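>>> next come a sequence and a model predicted from it.
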Amino acid sequence: MARGSKINSQLCPGCRRLISRDEPACPYCGLKSPGVWWKNSRFSAVMADPDRLVVLIIGANIVMYVLALLINPRGLSLDFNPMGFLSPSNRSLVLLGATGTLPVMQLHRWWSLLTANYLHSGLLHLVFNLMALRQLGPLVTQEYGPYRMVTIYTISGVAGFLLSLLVGIPLTLGASAAACGLIGAMIYYGKSRGGVYGEAIYRQIGGWAIGIIVFGLVMPGINNWGHGGGMVCGVALGYLLGYQERRRESLSHRLVGMACLGMSGLALAWGVVSSLFYLGS
């Protein structure tokens, strides 16, 4: 290659196939102006890769868990009961953004409906939810696209916690309401698509849903309202947003997904900053 020449090929930000930078639209997925710089930014690269996007969400959950441990180390539980081991104090969790009637109705922390998606009450709680996200996230991203996956995750979590608030649960948190939203979306996808693949997805994810319901009925302290609200919301969003085989991700899907990411990021940042300010005052 001659010195100073410009490479005129790239991976399409939409479908990750090799195309020319000068294409007015991707010949494979139809994405308009795939060579525009902002469609090839680091953010777009993360959104185009299911693994990197899911790792980003998982990383945010882990960071918030570690912060909850560090904010009030004296309140840390070292109970050798598996469900209570390495549990942050309720004070730490409320400061960072746990939700429920106490934070929302008494402290007016409505933004906690977003931040509670990224907080966990113990190590085992965190591990279970992150395992579910690691398996469900790439599948939902594959069938719905990254922006719709983020939208489903965020709004389903909020819906689950809002239902919990309405029935009077004082304090709740965890990624399980959002994960149940991903389950609901895949249940809708499998049933709607049909065929061998769709039926296989429907049976597999339906088994997850049944397992979560049974687990919630057997184990004490499980927020079944949050799980149910998140799952029903996921089904509704799957229907309203559509999936890739029926409708490619549009500009409106991208804008809503970016808004969900932006609001979640701002709410998490506010939770951290306000916690440090409160502790330092």
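Received the coordinates, thanks. Numbers count the residues shown, from 1 in each chain.
>>> which ones are touching Cys233?
Neighbouring residues of Cys233 by C-beta atoms under 8 Å, 6 or more residues apart in numbering: 155-156, 159-160, 181, 184. Just so you know, the C-beta spots here come from the backbone N, C-alpha and C atoms, and that holds for glycine as well.
>>> pLDDT and secondary structure for the residues you listed - can I get that in TSV?
As requested, these are exported to TSV (pLDDT from 0 to 100; DSSP: H, G, I helix; E, B strand; the rest coil):
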residue	pLDDT	secondary structure
Ile155	98	helix
Ser156	98	helix
Ala159	97	helix
Gly160	97	helix
Gly181	97	helix
Gly184	97	helix
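>>> would you turn these into JSON lines with distance to Val63 and neighbour count?
Listed next are these as JSON lines, based on distance: C-beta to C-beta, whole Å; neighbours: other C-beta atoms under 10 Å:
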{"residue": "Ile155", "distance to Val63": "22", "neighbour count": "21"}
{"residue": "Ser156", "distance to Val63": "21", "neighbour count": "30"}
{"residue": "Ala159", "distance to Val63": "24", "neighbour count": "25"}
{"residue": "Gly160", "distance to Val63": "22", "neighbour count": "34"}
{"residue": "Gly181", "distance to Val63": "22", "neighbour count": "35"}
{"residue": "Gly184", "distance to Val63": "27", "neighbour count": "26"}
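>>> show me where pLDDT drops low in this structure?
1-7, 10-11, 13-19, 21-22, 28-50, 73-85, 281 (pLDDT under 70).
>>> that one: strands as residue ranges?
Here the chain has its strands, by DSSP state E, at 9-11, 18-20.
>>> and the longest helix that the chain contains, what does it pack onto?
Taking DSSP state H as the criterion, the chain has its longest helix at helix 251-280. Contacts defined by 3 or more C-beta pairs under 8 Å, 6 or more residues apart in numbering; DSSP states H and E place helix 251-280 against helix 50-71, helix 90-96, helix 112-115, helix 146-166.
>>> if we use 6 Å, what do you get?
For helix 251-280, the elements it packs on are helix 90-96, helix 112-115, helix 146-166, judged by 3 or more C-beta pairs under 6 Å, 6 or more residues apart in numbering; DSSP states H and E.
>>> in PDB, list the C-alpha atoms belonging to the first one.
The reference is to helix 90-96. Provided in PDB are the C-alpha atoms of helix 90-96 (Å, rounded to 0.1, in the frame of the first residue of the first chain):
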ATOM      1  CA  ASN A  90     -29.100  -0.300  54.100                       C
ATOM      2  CA  ARG A  91     -27.700   3.100  54.700                       C
ATOM      3  CA  SER A  92     -25.200   2.700  51.800                       C
ATOM      4  CA  LEU A  93     -27.900   1.300  49.500                       C
ATOM      5  CA  VAL A  94     -30.400   4.100  50.200                       C
ATOM      6  CA  LEU A  95     -27.700   6.800  49.700                       C
ATOM      7  CA  LEU A  96     -26.700   5.300  46.300                       C
END
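>>> how far off centre is that helix?
Helix 90-96 sits 21 Å away from the centroid of its parent chain (C-alpha atoms, centre = their mean, to the nearest Å).
>>> mind listing residues that contact it?
With contact meaning C-beta atoms under 6 Å, 6 or more residues apart in numbering, helix 90-96 is reached by 68, 71-72, 103, 119, 271, 275.
>>> buried residues, it. List them.
By 16 or more other C-beta atoms under 10 Å, the buried positions in helix 90-96 come out as 91-96.
>>> now swap in stretch 112-120 and tell me
Residues of stretch 112-120 classed as buried by neighbour count (16+ other C-beta under 10 Å): 112-120.
>>> circling back to that earlier point, closest one to Leu240 out of the contacts of Cys233, please.
Distance to Leu240 across these (C-beta to C-beta) is lowest for Ile155, with 10.1 Å.
>>> how much space between that closest one and Arg52?
Using C-beta to C-beta, to the nearest Å, we find Ile155 at a distance of 22 Å from Arg52.
>>> if anything else comes up later, I'll come back, but that's it for now.
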